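**Student:** model this:
(2 chains)
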2 protein chains.
Amino acid sequence: MEVENRYVAVRHHVEGSPSVDDFQVKAEAVRWTPESGEVLVRNMYVSIDPYQLNRMKRQSASHHSVDVIVPGERIASYGAGEVVASACEEYKEGDVVTGLLAWEEYSVFRPAPGIFMSKVDASSGFPLSYQMGVLGTSGMTAYGGFYEVCKPQPGEKVFVSAASGSVGSLVGQFAKLAGCHVVGCAGTQAKVELLKDKLGFDDAFNYKDEPDLKAALRRRFPDGIDIYFENVGGEMLEAALANMNTYGRVALCGVIAEYTDPGRRAEPDLLEVIYKRITLRGFFAWDFIPRFHEWAAIIGGWIEEGKVQAIEDVSDGLESIPSAFVALYRGENVGKKLVKLA
Amino acid sequence: MEVENRYVAVRHHVEGSPSVDDFQVKAEAVRWTPESGEVLVRNMYVSIDPYQLNRMKRQSASHHSVDVIVPGERIASYGAGEVVASACEEYKEGDVVTGLLAWEEYSVFRPAPGIFMSKVDASSGFPLSYQMGVLGTSGMTAYGGFYEVCKPQPGEKVFVSAASGSVGSLVGQFAKLAGCHVVGCAGTQAKVELLKDKLGFDDAFNYKDEPDLKAALRRRFPDGIDIYFENVGGEMLEAALANMNTYGRVALCGVIAEYTDPGRRAEPDLLEVIYKRITLRGFFAWDFIPRFHEWAAIIGGWIEEGKVQAIEDVSDGLESIPSAFVALYRGENVGKKLVKLA
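**Tutor:** I've put the predicted structure just below:
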């Protein structure tokens, strides 16, 4: 069996803010045979995530942990698809899977212990897209980052940056479920209203309206911040640290402002960190893989009970991947950014 | 009973590097009566610590946790002295005490649950000066910072900055006792030799000889750093993070380079922190007060067995306090800096 697979690649390493011209759509023939031991998947959704930009750089600290993206080659990504041919017993034609696929129309994988792939339970009743976000890596990042890294206590004050993004929008909701007071920031008035009106944040503000971020946080946290869920970096981290309480915790999930502009690094006042005995901890979702199913069941229950809303932002078709990706760095997405294929 | 008490004060708030001209010696009459409920102590040693500079600033994050030093007024400090008059049963004339005294000849305290003071066991056989350093706040900072914050495992690679200082010199020795590989940096060749020859560090280097700190650490840690015990800040932290391993831990004990020059802040690459899942944690000794006696007993045992060396640098007389203090920021001290009084 042979299919034509179209995929998105970068033309060259990408530094600074990405543009759609950095990308190209390529095609290749993919062969599958019953003897291959492989599973051929027609992809239905692929995930569009900010961290991918670091993989596209020539040099980045992300290369310690995640493979560099080679210009011209396929770009691995979380995704969901339908099995169209299988040479292994565990997977049958028509099964729907989620896991590590790529920005492409067809992916091939060979089941093995280290392979990050699982079958979707068709009886769950959730839209398949949820497997990309709230029940996928975004949900696990938010759950693990908030509960395991931040260790919240009821009544604590929580600040979330990029709060309308795929992870931030969930962290804020989890914080409310944990009995915390939560304030988010975002980059448009519409996002701020979403946070307050739909997602239950106690307060939210547009950081672009605030010339002095330290003062903005001081006004919104008169009793200080206990937990900062960091998605942004740069001066946002400096402002949060200046407003944090003793024994505060910072979960370093992402620093999107620094992805596109490495010159815009945070210069945290380490005296704040020392004298307030603050802990900053970097993490990412893959550290939590052993607990994915357990946590997905908890989050799924919250969705069914109406306690958690999944916010999605879906583009259509393989050709839209570059513009969907570029939009992340312009703050144009709301919630989880996905591309639906075919 | 009345004594003349001479004390050291700052003339004004101190910003930047301190100089002896920032200080003055003042005198006051101290009255003690049997009805006062107080204990009068003739001070024998006072501790000279880098963090005191932050207390002398007009504005500093240290003011969150430690009282600001008011120009012209007494400067609280860890110290040791002999009771010369007591209005409470727990303390008798001739008892030797350690705890929170001040840079002065006579201190008065009133025993209470929150007061940080304890009697020295005269039978311990240790020099009284050890109560200031290895068995006092320096020892507790090193012990708590290394064992509680860094959580070392045998075989891990440990980097200590300001390694010949009061805390760093102990952390390196504790790291060897924990089965770690330890490298220190200091600012003179003599200090480097002390670390290697007398304190058992596996390696040490003079950071002033290294134009490229990242490369210097890469050469000395070909397998990366697991634990960084931070006493310096600035570019040293950036260089350490660039060389750290996955799940590395940074104990933020002090950032002396940033005390004198707030413009010299570290700009850590947060991508390193996220992708390597590094934890940075600020702390200080007073967090560990409930465990002081337990830990002092452990450290005391190591000293008796010859496993830990106490390095001290003692100046004489109240008048030497300003120059002893200023010397800290010039890297002129080796080990724990103390002033012996009268």
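**Student:** Next, the distance between the ends of stretch A:218-236.
**Tutor:** 13 Å (C-alpha to C-alpha, to the nearest Å).
**Student:** Off-centre distance for it?
**Tutor:** Computed by C-alpha atoms, centre = their mean, to the nearest Å, the chain-centroid distance of stretch A:218-236 equals 20 Å.
**Student:** what is the mean pLDDT for that stretch?
**Tutor:** Averaged over stretch A:218-236, pLDDT sits at 97.
**Student:** try stretch A:177-185
**Tutor:** On average, stretch A:177-185 scores 98.
**Student:** Can you dump the C-alpha atoms of it in PDB for me?
**Tutor:** Taking C-alpha atoms only, stretch A:177-185 is exported to PDB below (Å, rounded to 0.1, in the frame of the first residue of the first chain):
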ATOM      1  CA  LEU A 177     -11.300  24.100  41.900                       C
ATOM      2  CA  ALA A 178      -8.400  24.000  44.400                       C
ATOM      3  CA  GLY A 179     -10.000  26.900  46.400                       C
ATOM      4  CA  CYS A 180      -7.400  29.500  45.300                       C
ATOM      5  CA  HIS A 181      -7.900  33.100  44.300                       C
ATOM      6  CA  VAL A 182      -6.800  33.400  40.700                       C
ATOM      7  CA  VAL A 183      -5.800  36.400  38.500                       C
ATOM      8  CA  GLY A 184      -4.800  36.000  34.900                       C
ATOM      9  CA  CYS A 185      -3.300  38.200  32.300                       C
END
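**Student:** and the closest residue to residue A:241 other than its chain neighbours, helix, strand or coil?
**Tutor:** In space, and not counting its chain neighbours, residue A:241 is closest to residue A:272: 4.6 Å by C-beta to C-beta, 6 or more residues apart in numbering or on different chains. In short, each C-beta sits where N, CA and C put it, glycine included. Following DSSP: H, G, I helix; E, B strand; the rest coil, residue A:272 is assigned to helix.
**Student:** Near residue A:272, how many other residues are there?
**Tutor:** 21 (other C-beta atoms under 10 Å in any protein chain shown).
**Student:** what's the helix or strand for the most centrally placed residue in chain A?
**Tutor:** The residue lying closest to the centre of chain A (C-alpha atoms, centre = their mean) is residue A:138, at 4.5 Å. Assigned by DSSP states H and E, residue A:138 falls within helix A:137-143.
**Student:** how far out from the middle of the chain is that helix?
**Tutor:** Worked out by C-alpha atoms, centre = their mean, helix A:137-143 lies 7 Å from the chain centre.
**Student:** and the next element down the chain from that helix?
**Tutor:** strand A:157-160.
**Student:** for the helix holding residue A:138, what is the average pLDDT?
**Tutor:** pLDDT averaged over helix A:137-143 gives 96.
**Student:** for that helix, packing partners?
**Tutor:** helix A:168-177, helix A:292-304 (3 or more C-beta pairs under 8 Å, 6 or more residues apart in numbering or on different chains; DSSP states H and E).
**Student:** next one: the longest one to chain centre, how far?
**Tutor:** To tie it back to what came earlier, the one meant is helix A:292-304. Its chain's average C-alpha position is 17 Å from that of helix A:292-304, according to C-alpha atoms, centre = their mean.
**Student:** Pull up the pairing partners for the helix or strand following that helix, direction included.
**Tutor:** On the C-terminal side of helix A:292-304, the nearest following helix or strand under DSSP H and E is strand A:312-316. Strand pairing for strand A:312-316, determined by DSSP bridges: strand A:336-340 (parallel).
**Student:** rewinding a little: could you check how far the residue nearest to the centre of chain A is from chain B?
**Tutor:** Remark: distance between residue A:138 and chain B (C-beta to the nearest C-beta, to the nearest Å) = 16 Å.
**Student:** Let me know whether that residue touches residue A:166 as I believe.
**Tutor:** Yes. Using C-beta atoms under 8 Å, residue A:138 is in contact with residue A:166, at 4.0 Å.
**Student:** Of the helices and strands packed on helix A:137-143, which is nearest chain B?
**Tutor:** When these are compared by C-beta to the nearest C-beta, helix A:168-177 sits nearest chain B, at 15.2 Å.
**Student:** Other residues contacting that closest one?
**Tutor:** For helix A:168-177, contacts defined as C-beta atoms under 8 Å, 6 or more residues apart in numbering or on different chains pick out A:134, A:138-139, A:142-143, A:145-147, A:152, A:158, A:160-163, A:182, A:184, A:195, A:199-202, A:227, A:229, A:231, A:299, A:302, A:307-309, A:311, A:335.
**Student:** before we move on, what about stretch A:196-203?
**Tutor:** Residues outside stretch A:196-203 that contact it (C-beta under 8 Å, 6+ apart): A:160, A:163, A:169, A:172-173, A:176, A:181-184, A:195, A:204, A:220, A:309, A:311.
**Student:** Just give me how far it sits from the chain centre.
**Tutor:** 20 Å.
**Student:** Likewise for stretch A:217-236?
**Tutor:** On C-alpha atoms, centre = their mean, the centre of stretch A:217-236 falls 20 Å from that of its chain.
**Student:** Grab the nearest non-local neighbour of whichever residue of the stretch 51-200 of chain A sits closest to chain B.
**Tutor:** Taking C-beta to the nearest C-beta, chain B has its nearest neighbour within the stretch 51-200 of chain A at residue A:61, 3.8 Å off. What sits nearest to residue A:61 in space, not counting adjacent residues and going by C-beta to C-beta, 6+ apart, is residue B:271, at 3.8 Å.
**Student:** re earlier: keeping just the C-alphas, turn the helix holding residue A:138 into CSV.
**Tutor:** This file holds the C-alpha atoms of helix A:137-143, laid out as CSV (Å, rounded to 0.1, in the frame of the first residue of the first chain):
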residue,chain,number,x,y,z
THR,A,137,-0.4,17.4,26.7
SER,A,138,-2.0,20.7,27.6
GLY,A,139,-4.1,19.1,30.3
MET,A,140,-1.2,17.2,31.6
THR,A,141,1.1,20.2,31.6
ALA,A,142,-1.5,22.2,33.5
TYR,A,143,-2.4,19.5,35.9
